[in-house]
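**Q** Coordinates only, no sequence provided:
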């Protein structure tokens, strides 16, 4: 555990907490971007360069922009009158605790489940590329199909809107 | 070819020394410190050099732009401050520093303050992976190109922050247009850079330059001198002009259209920071284009290698800047829908075809056949796409769509 982990963990947690606790929705989106950047930096401290930069490129560069566009182009950017905390917070807390327990158990068990992995596997971009078109080509193609379906869906939704406005 | 006389050896050594002079200087300065502090001191020295050099280049570029644009428009540029107006950047700097910083009352002060900072930080970080000379790269990362594009993607966030926090309709509109434009052309930029990665086999910018720094006879192996390289280079130039919001793609900041777009509400030093960020982004994108297509720091002809590598790099980058300025003085501004149509309906299909042609080049093997086939495919595609785009589109009555 390097010395850079603690400030980065604090940064990520602060971003995550800001994303749910801040009053202004756009501030929440920006705090979420800070959390994404913190995660990317954590990847970089673990020597996973590709994962870290892809995290910034995809999450900060695309997902965060998408989130802010969605906030701006809809009426969601004003603070709702009924307050920002939901009425069913107790059930939400129980579900979140359950998910956290499962994830924590899985992470702690992974040390026993994969005893042959070295502490810092040296994965280069070359290896990732080879794996993507070798062993994992089916998930890659399925993701491409999913993206195509999403694009076609977006085009169809936009087309119908045009018909509706005429 | 070299006769081993003292003079020729000395001149050969001095050419190599001149090439590596900054590296030698850094090593000499760092040697004064105890060994524990040496790596950190080396990095800090390089960072200080970059942070000091690029604003100086920015001052020169601003002056070149104003004088150059002026001459293109048949007028003198600034010519009062200093001989031929050479001290105009000094005057601009003093003005930016002493102007009052006006922030609108309803503006979001924190985000308004952070937006120019985020832009400048992110843009300077993207300079860290550019190899500016032989052995002169700040961080030699395995996935340097990906880092560069990650930083470029973060610029959009800062533009959004600027536009939204100003609580100004013009700012928000300008920011929306700028982000839409930047997202579209960033895709094109990435795809046109992927062909270079395909051929050179590495995401590291240092390895990409090393792959181009070889010569066959006296001609260099720059990627721009291949059919797919030339097509990618042209696409890269178009996309980089759009990424940095330069004319003819500068609708988001066009003065006559939308006041000043997303930096309407910024005055004084914050505006200067935005300006600096935009020009340094121009430099970094020009540096990337030089690295990917124009051979980085390598000389155009093999016998010109006596001129230092860093001088070649900065000459090529300055050539790009001059080209950007020339483009600004020549072409009219594109309308928003023309801009987006151009990106998605012409440039992007052409880029995808270019990917296919590059793969064809790679697998056809050495020889003249691949030159002919690739050139014919690209030229035919250019003509076909161009003709299709020129066809008259039916323009009906305007329909408005509002978000609910």
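**A** Structure received. Everything numeric here is computed off the predicted structure, so don't read it as measured data.

**Q** ok, and the closest non-adjacent residue to the closest residue to chain A within chain B?
**A** Taking C-beta to the nearest C-beta, chain A has its nearest neighbour within chain B at residue B:153, 2.4 Å off. Just so you know, the C-beta spots here come from the backbone N, C-alpha and C atoms, and that holds for glycine as well. Distances taken as C-beta to C-beta, 6 or more residues apart in numbering or on different chains put residue A:61 closest to residue B:153, at 2.4 Å, once the chain neighbours are dropped.

**Q** Provide a list of residue ranges in the chain with pLDDT below threshold.
**A** No chain specified, so I'll use chain A. For chain A, the stretches flagged by pLDDT under 70 are A:1, A:75-84, A:114-122, A:160-166.

**Q** looking at chain B here, not the other one
**A** Those would be B:1-15, B:254-260, B:391-395, B:403-404, if you go by pLDDT under 70 across chain B.

**Q** Spatially central, which residue of it would that be?
**A** residue B:285 (1.6 Å; C-alpha atoms, centre = their mean).

**Q** biggest helix in the chain by residues?
**A** Looking at chain A here, since you left the chain open. helix A:137-165 (DSSP state H).

**Q** sorry, should have said chain B
**A** Max-length helix for chain B by DSSP H is helix B:38-72.

**Q** how big is the angle separating the helix or strand following it from helix B:38-72?
**A** Proceeding N to C from helix B:38-72, the next assigned helix or strand is helix B:88-98, under DSSP states H and E. Angle of helix B:88-98 versus helix B:38-72, following axes from the mean of the first three to the mean of the last three C-alpha atoms, to 10 degrees, is 110 degrees.

**Q** Buried residues in the following helix or strand past helix B:88-98, which are they?
**A** Next along the chain after helix B:88-98, taking DSSP H and E as the criterion, comes helix B:109-126. Neighbour-count burial for helix B:109-126, counted by 16 or more other C-beta atoms under 10 Å in any protein chain shown, picks out B:111-112, B:114-116, B:118-120, B:122-126.

**Q** And stretch B:339-351, by the same measure?
**A** Neighbour count says stretch B:339-351 has B:339-340, B:342-343, B:346-348, B:350-351 buried, by 16+ other C-beta under 10 Å.

**Q** Ok, stretch B:129-149 next?
**A** B:129-134, B:136-138, B:141-149.

**Q** Any figure for the gap between the residue nearest to the centre of chain B and residue B:183?
**A** Note on residue B:285: its distance to residue B:183, by C-beta to C-beta, to the nearest Å, is 16 Å.

**Q** Residue B:137 is in contact with residue B:50, correct?
**A** No - Residue B:50 is not in contact with residue B:137 according to C-beta atoms under 8 Å; the separation is 10.6 Å.

**Q** Which positions in the stretch 201-350 of chain B make contact with chain A?
**A** residue B:203 (C-beta under 8 Å from any C-beta of the partner chain).

**Q** need the contact list for the closest residue to residue B:84 other than its chain neighbours.
**A** Of all residues not flanking residue B:84 in the chain, residue B:67 sits nearest, at 7.8 Å (C-beta to C-beta, 6+ apart). Listed by C-beta atoms under 8 Å, 6 or more residues apart in numbering or on different chains, the contact partners of residue B:67 are B:76-78, B:84-85.

**Q** from memory the residue nearest to the centre of chain B sits against residue B:244, does it?
**A** Yes - using C-beta under 8 Å, residue B:285 makes contact with residue B:244 at a distance of 6.0 Å.

**Q** Tell me which residues touch residue A:48, please.
**A** Per C-beta under 8 Å, 6+ apart, neighbours of residue A:48: residue A:123.

**Q** How much space separates it from chain B?
**A** 10 Å (C-beta to the nearest C-beta, to the nearest Å).

**Q** List phi and psi for that residue.
**A** phi -100, psi 80 (degrees, to the nearest 10).

**Q** Distance check, it against residue A:108.
**A** Residue A:48 is 20 Å from residue A:108, by C-beta to C-beta.

**Q** give me phi/psi at residue B:399?
**A** Per degrees, to the nearest 10, the backbone of residue B:399 is at phi -120, psi 140.
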